[in-house]
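Asks: Structure, please.
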Amino acid sequence: MSACPAIAVAPVVSLTVAADYAPMVKTIHVKACQDGKCHEAELELRPGSVAVPQSCSPEPSSACSAVSSPDGTLYGALSMGTLTASPITAEVTGSDATGGILPVRTLDFKPKSAKPWGEQCQTVITASLLLDAHGLRQS
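Replies: The predicted structure is shown next:
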């Protein structure tokens, strides 16, 4: 039997603003309700990135590495206090780069549950959303 890692996943609803929509976004406000409790806040948006693999040395025991590279997205997270597998109703509002109002986007979705370290270990629950010019969807 393998040991389970002592890793806790933050109880958040994360939001990624797609790269092609990010230049139009100035602020994002998220309200998320689950199990009769609502949380809301203006998100602190940070630049998103992807891992870019670096070359590996030819030695068999060597490790490979990667560097982080900006990908044009923005991301932020809303703390939920606790996150369960129950459905969430999310509403995203905000302002655009010219000071106008972004369209109100809403989504009812169920967080994803997984057991990445095996059936004997804790269930990881994640709630991730993607906002683009077409709307809001689960990612």
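Asks: From here on, just use CA atoms for contacts and neighbour counts.
Replies: Noted.
Asks: show me the contacts for Ile28.
Replies: 42-43, 45, 92-95 (CA atoms under 8 Å, 6 or more residues apart in numbering).
Asks: Kindly confirm my reading that it is in a helix.
Replies: No - counting by DSSP: H, G, I helix; E, B strand; the rest coil, Ile28 is located in no helix; its state is strand.
Asks: Quick check: closest non-adjacent residue to it.
Replies: If the residues on either side of it in the chain are set aside, Ile28 comes closest to Gly94, at 4.3 Å by CA to CA, 6 or more residues apart in numbering.
Asks: Give me the helices and strands touching the helix or strand encompassing the one you found, please.
Replies: Per DSSP states H and E, Gly94 falls inside strand 88-96. In terms of contacts (3 or more CA pairs under 8 Å, 6 or more residues apart in numbering; DSSP states H and E), strand 88-96 is packed against strand 25-34, strand 105-109.
Asks: and the ones you listed, which is most packed in?
Replies: Of the helices and strands packed on strand 88-96, the one with the most neighbours on average (mean count of other CA atoms under 10 Å) is strand 25-34, at a mean of 18.
Asks: Can you show me the CA trace of that one as PDB?
Replies: This file holds the C-alpha atoms of strand 25-34, laid out as PDB (Å, rounded to 0.1, in the frame of the first residue of the first chain):
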ATOM      1  CA  VAL A  25     -11.100  42.800 -19.100                       C
ATOM      2  CA  LYS A  26     -10.300  45.300 -16.400                       C
ATOM      3  CA  THR A  27     -12.000  43.800 -13.400                       C
ATOM      4  CA  ILE A  28     -13.900  40.600 -12.500                       C
ATOM      5  CA  HIS A  29     -16.400  40.100  -9.700                       C
ATOM      6  CA  VAL A  30     -17.400  36.600  -8.900                       C
ATOM      7  CA  LYS A  31     -20.400  35.400  -6.700                       C
ATOM      8  CA  ALA A  32     -20.600  31.700  -6.100                       C
ATOM      9  CA  CYS A  33     -23.300  29.900  -4.000                       C
ATOM     10  CA  GLN A  34     -23.100  26.300  -2.800                       C
END
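Asks: Done for today, thanks.
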